[in-house]
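Chemist: Fold the following and give me the result.
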Amino acid sequence: MAYNPFLHHRRSIRLPDYDYSKPGCYVVTICTHEKQRFFGEITEGKMILSEIGKYATDCWLEIPLHYPNTQLHEFVIMPDHLHGIIEILPTENVDLALESTHQRNAYQKIIPRSLGCIVRGYKIGVTKKVRKGLNDRIVWQDNFHDKIIRNANMLRNFKRYIVNNPINWKG
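Modeler: Numbers count the residues shown, from 1 in each chain. Sure, this is the predicted structure:
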C-alpha cells in the first residue's frame, strides 16, 4: 500500500518545536513490543539478563561509537523496557568524521545526531542482532518516551531512579 498521510500517521510525543539535536541530557525509556519480557528477569532486586538483554546492553554501550556526539550516563535494562540517560555533546567538541553518515529523512523527519536518530539507530542495532542470533521477533514498541533534563537536580533524581529501578520492580 502506498503512503497516505491521512492513514499512515502517528502523533508525535516529542515536545513541539524543541531541537532534540541540541546539547544536553535526556532520559529515555524504550519499551518492548507488547511489554514482552525479552530482556530477562528480576530476582531478589537484581536484573538477570537473557541473551536478548545482553544484546540490548552491548548495543547501548556502543552508542558513542556510532554517535561520537554522545556520552552515556546511568542506564538499566529491565525485563520489558530500558531507561537510560544520553548526553548530546556540543559538536565542536566531537570528531564527526568518525560518525556514521546520516541523511535527514523527510518522511520520518529524522535529524542527524538528534535524540530520535540515536534511539532509532539503537533499536535497529538490537533488532538486527536479535534477528541474526535468535529469531524474527518484533522487539520494540513504536516510539519511545523522553524527558529533557533541565538542571543538576533533575539529573541526580533520574540517576537515582534508574539505579534503583530493579530493586523497586513490581513486575
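
Chemist: Touching, Leu89 and Thr70? I think so.
Modeler: Yes. Counting by C-beta atoms under 8 Å, Leu89 does reach Thr70; the two are 6.7 Å apart. To be clear about C-beta, it is placed using only N, CA and C from the backbone, and glycine gets the same treatment.

Chemist: so where's this structure shaky on pLDDT?
Modeler: For the chain, the stretches with pLDDT under 70 are 1-16, 93-110, 133-137.

Chemist: how does it look with 90?
Modeler: 1-21, 38, 90-113, 127-139, 141-143, 170-171 (pLDDT under 90).

Chemist: Now for the residue nearest the centre of the chain: which residues touch it?
Modeler: Note on the chain: the residue nearest the mean C-alpha position is Val119, at 4.0 Å, using C-alpha atoms, centre = their mean. Counting by C-beta atoms under 8 Å, 6 or more residues apart in numbering, Val119 touches Val28, Ile30, Phe144.

Chemist: and if we set it to 6 Å?
Modeler: Phe144 (C-beta atoms under 6 Å, 6 or more residues apart in numbering).

Chemist: ok but it is inside a strand, no?
Modeler: No. According to DSSP: H, G, I helix; E, B strand; the rest coil, Val119 belongs to no strand; its state is helix.

Chemist: where's it relative to Ile167, distance?
Modeler: Distance of Val119 to Ile167, computed by C-beta to C-beta, to the nearest Å: 26 Å.

Chemist: How about Leu61: what's its closest non-neighbour residue?
Modeler: Leu72 (7.2 Å; C-beta to C-beta, 6 or more residues apart in numbering).

Chemist: three-state assignment of that neighbour?
Modeler: Under three-state DSSP, Leu72 comes out as strand.

Chemist: okay, now it: neighbour count?
Modeler: 14 (other C-beta atoms under 10 Å).

Chemist: cool, and the one 5 residues further on?
Modeler: Residue crowding around Ile77 was assessed by other C-beta under 10 Å; the count is 25.

Chemist: got a list of what it touches?
Modeler: So Ile77 contacts Phe39, Gly53, Ala56, Thr57 (C-beta under 6 Å, 6+ apart).
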